[in-house]
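# Sharing a model prediction with you, sequence too.
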Amino acid sequence: MVRMLSVLLLVLLSPLAQAEVANVYEFDTAEQEQRFQDLIVELRCPKCQNQNIADSNAPISKDMRAEVYRRMRAGASNDEIVDALVARFGEFILYKPQVEKRTILLWATPAIAVLGGLLVVAGVVLRARRRQTEPEPALNAKEQARAAKILAEDDRDSNA
C-alpha cells in the first residue's frame, strides 16, 4: 500500500519537477526595475505571434531579456539597448517602427483610410442633397395628354 501511494505521489508531483524557474533579475532601485519592465514590454518576440518578450517563454525572448538586463547594468540608455536589439534581430521586434522612407506607407495608411472614408461619406451626403433639391422635371405636351388620358380612364373605372 505504501509503495502504491508513493508511486501515485510521484506521478502527481512530476509536472512540478518540470516547471521552469523564471529568471530573477536583481536591481538596485525600483526605477531600474520599472525601466527594465518598460523595455521588455515594448519589445516584441521575434519567434512569437505578437507577444512581447516579457510574456513570451521562447528561448530567444529569454536571451533578449538577459541582453536588456546586461546592457542596463553596463549603463546603456534605452535607445542604445533598443538599437542594439534592432541591429541584431531586425525592426520586427519594435511595436512602433521608426518613421523612414520604407515605413512611411505603414504610418500613412490609417490617415489615408480615414480621409478616404470621409470623402466617401461626403460624396454620399452631397448626392442625397442634390436629389432632394432638384425640382421635378416638367412634363411636355405629349406626356401631359397621356397622363390626362390615364387619369380619365381611371375615373371612369372607379365610377362604374
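Received the coordinates, thanks.
# Can you pull out the low-pLDDT segments for the protein?
Scanning the chain for pLDDT under 70 picks out 14-23, 134, 159-160.
# and the longest helix for it?
The single longest helix within the chain, with elements called by DSSP state H, is helix 104-133.
# ranges for the helices of this structure?
Using DSSP H, helices in the chain cover 2-17, 30-42, 59-73, 78-89, 104-133, 141-159.
# Tell me which of those sits most buried.
Counting by mean count of other Cβ atoms under 10 Å, helix 59-73 has the highest mean neighbour count of the helices of the chain, with a mean of 17. Every C-beta, even on glycine, is put in place using the N, C-alpha and C of the backbone.
# Now do it against helix 30-42, angle only.
Orientation check (axes from the mean of the first three to the mean of the last three Cα atoms, to 10 degrees): helix 59-73 against helix 30-42 gives 150 degrees.
# just how off-centre is helix 59-73 within its chain?
Chain-centre distance of helix 59-73: 26 Å, with Cα atoms, centre = their mean, to the nearest Å.
# swap in stretch 145-155?
The answer for stretch 145-155 is 64 Å, by Cα atoms, centre = their mean.
# Check what contacts that stretch and list those residues.
Here stretch 145-155 makes contact (Cβ atoms under 8 Å, 6 or more residues apart in numbering) with residue 139.
# Kindly export that stretch (C-alpha atoms) in PDB.
Provided in PDB are the C-alpha atoms of stretch 145-155 (Å, rounded to 0.1, in the frame of the first residue of the first chain):
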ATOM      1  CA  ALA A 145     -52.000  64.400 -72.700                       C
ATOM      2  CA  ARG A 146     -51.100  60.800 -71.900                       C
ATOM      3  CA  ALA A 147     -51.400  61.400 -68.100                       C
ATOM      4  CA  ALA A 148     -54.800  63.100 -68.600                       C
ATOM      5  CA  LYS A 149     -56.000  60.100 -70.600                       C
ATOM      6  CA  ILE A 150     -54.900  57.600 -67.900                       C
ATOM      7  CA  LEU A 151     -56.500  59.700 -65.100                       C
ATOM      8  CA  ALA A 152     -59.700  60.000 -67.200                       C
ATOM      9  CA  GLU A 153     -59.800  56.200 -67.700                       C
ATOM     10  CA  ASP A 154     -59.200  55.600 -64.000                       C
ATOM     11  CA  ASP A 155     -62.100  58.000 -63.100                       C
END
